[in-house]
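> Have a look at this fold, sequence not included:
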């Protein structure tokens, strides 16, 4: 309990200091303070970001987003503050190219970019360093979140083809604020953000937060506590050092997803608030996560510099769930005509006691980059070259996964079933993965209008997987060159056109247990991408982007065959995603700012040897998805703004043969922001109502471990917060 009380105590101490500061204030309250407060709130471009850290990965050189030949979305701090997201699923709603992929309530979540799920091992980064994706990444200490869409082989090495998400920490600044909040279910939230420069050369910043979560799902209340620290040290005129470290602990029961009834029918009357499989002995899923990054920059002169970075991410998961899965033991599935890995046709499902404590995942990475520029005749070169070492380990205990009873989806609460008497075994190393790489990039300026980027990453992968007793099951060794090239044309300063090609390497999936080769991890596979795009700076506060892309990699699926299990997990044929993205972000008028996004995609498999799996959209990739969020400042009410959003997704395929889809949906959000002042300091009220019309929709038909699940979207939820800058 002390872990939860500590950040809360720090935040309460901050509130006490606010009260004392207010008592000591000598200046009278001024009736004209609203105008400067408003300017402060909108002094930046707000929903528009001119730069990102993604370009520092070594893929695009030191260039603003406008000069980057890739589709990158930046979720700014203003957007995070206005929308008040609490999870990865909620955060990613602003980009139509991103969707949920197995994102349960009360558990760590995953998303898919351009239809490809991110690899939890390598798809998430913090300050450019890899972090374990199996955690609930807090947002209190983040300045922005960057989404690099498409192949990221040069940036991240062995990574899934959808892209990467990079969380960027807040830097030291003169800031002192506290936020308190609640929601329509009675949750309690408090956070503090305190920083400053202790001297001309050394600054610090700390963020703390505590949350008691009252979930809209019964029995799924939870809590979390978070603390972070950042420091910047200007060692000399040419050298700087940055440090960021954080720790979060959380506990919440995990909510099982629905499955198709008999493998052929969508549940007709699902509940968004019912916890399938609930048993009173089910413990919360506990996740303790810490992330640390350090970065040293040294500038030799105006043209040459070096950067050395390191990162450490450590996550310990106590996985506990009364898991609703399949119908192997249900009488209605006894004949064998219904596959046991779906719910029964009448809604029966099996309940399993699953316990996997001390599930420990650790990512460590070190990278060094040399950057410089020089001329060769009429050509100007901006080069980057460097090396990186990345290590990931998994330590796990033999888990308990025992059948305890059968329930039905129409029951408010399942019958009581006694838990399994079995206990998890001792911890053992189950994975050790090393990536060693060297990379280089040359950005060549051909006059004022043309640029050519050419580079590559040579990566050596060595990965060993063990069973839960420590016996070696797989030893993968391979080396691969991952090239990347782009041509950019800028006929006028506001417009950039580009064409790019890239190649990436991703780890193969693990075969589901119900296939003939269950538990076997398939070989790494290559992905290819071609992309063409336009970027237009409409004004100094509004950016427009458009991109056409084509992603291709071998198709991984459970192929029907004559084996005893009836399926074998294979890599055969190709999975090709061809799409178009449109994005806008920034200020449209003096009173209106917005983010708008559209993604139209065709995702199909071909040459698989299974005709019924071809010629239609693949699972969990809607053909069309849109997202809009707007902030309109009322001209007749100083400090008051209307907030609103709209999300749409077309029908979403739920079976490999494409014969079953969940319906399309529209979801509308609304809100208010009111900025005023108290004792000469900014006071900001925010009210958000997600899913205003309480519309039911299926937000996710993704897979986990080869099994498909259906997750309902959240019902109407209102959040209210108050932020005081003291």
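Structure received. Computed from a prediction, not measured in an experiment: that's the story for all the values here.
> tell me which element residue 89 is part of?
Using DSSP states H and E, residue 89 falls within helix 88-91.
> Would you mind pulling up the elements that the following helix or strand past that helix packs against?
Next along the chain after helix 88-91, taking DSSP H and E as the criterion, comes strand 98-100. Using 3 or more C-beta pairs under 8 Å, 6 or more residues apart in numbering; DSSP states H and E, the elements in contact with strand 98-100 are strand 111-113, strand 698-700. C-beta: built from backbone N, CA, C; applies to glycine.
> From the chain's centroid, how far away is strand 98-100?
From the chain centre to the centre of strand 98-100 is a distance of 9 Å (C-alpha atoms, centre = their mean, to the nearest Å).
> And for stretch 451-466?
Mean C-alpha position of stretch 451-466 versus that of the full chain (C-alpha atoms, centre = their mean) differs by 22 Å.
> mean confidence score for that stretch?
In this model, stretch 451-466 has a mean pLDDT of 94.
> Then stretch 632-652?
96.
> Okay, buried residues for that stretch please.
632-633, 639-645, 647-649, 651-652 (16 or more other C-beta atoms under 10 Å).
> ditto for stretch 302-312
In stretch 302-312, counting by 16+ other C-beta under 10 Å, buried: 305-307, 309-312.
> Any chance of JSON lines for the residues you listed, columns secondary structure?
Listed next are the buried residues of stretch 302-312 as JSON lines, based on DSSP: H, G, I helix; E, B strand; the rest coil:
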{"residue": "305", "secondary structure": "strand"}
{"residue": "306", "secondary structure": "strand"}
{"residue": "307", "secondary structure": "strand"}
{"residue": "309", "secondary structure": "strand"}
{"residue": "310", "secondary structure": "strand"}
{"residue": "311", "secondary structure": "strand"}
{"residue": "312", "secondary structure": "strand"}
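> These into CSV, with extra columns for pLDDT and distance to residue 179?
Output for these, formatted as CSV (pLDDT from 0 to 100; distance: C-beta to C-beta, whole Å):
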residue, pLDDT, distance to residue 179
305, 97, 37
306, 97, 39
307, 97, 34
309, 97, 31
310, 98, 31
311, 98, 28
312, 98, 28
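> which among those residues gets closest to residue 701?
residue 311 (33.4 Å; C-beta to C-beta).
> quick one: contacts for that closest one?
With contact set as C-beta atoms under 8 Å, 6 or more residues apart in numbering, residue 311 has these partners: 126-131, 291-294, 363-366.
> With adjacent residues omitted, what lies nearest to it?
Of all residues not flanking residue 311 in the chain, residue 129 sits nearest, at 2.6 Å (C-beta to C-beta, 6 or more residues apart in numbering).
> Give me the pLDDT value at the one you found.
Looking at residue 129, its pLDDT is 96.
> picking up where we left off before, what mean pLDDT does the helix holding residue 89 have?
Per-residue pLDDT values across helix 88-91 average out to 96.
> Touching, residue 567 and residue 517? I think so.
No. Residue 567 is beyond contact range of residue 517, at 9.2 Å (criterion: C-beta atoms under 8 Å).
> Show me which of the two is the more surrounded one.
Taking neighbours as other C-beta atoms under 10 Å, residue 567 and residue 517 compare with residue 567 leading, 20 against 17.
> Since that was my last question, I'll sign off now.
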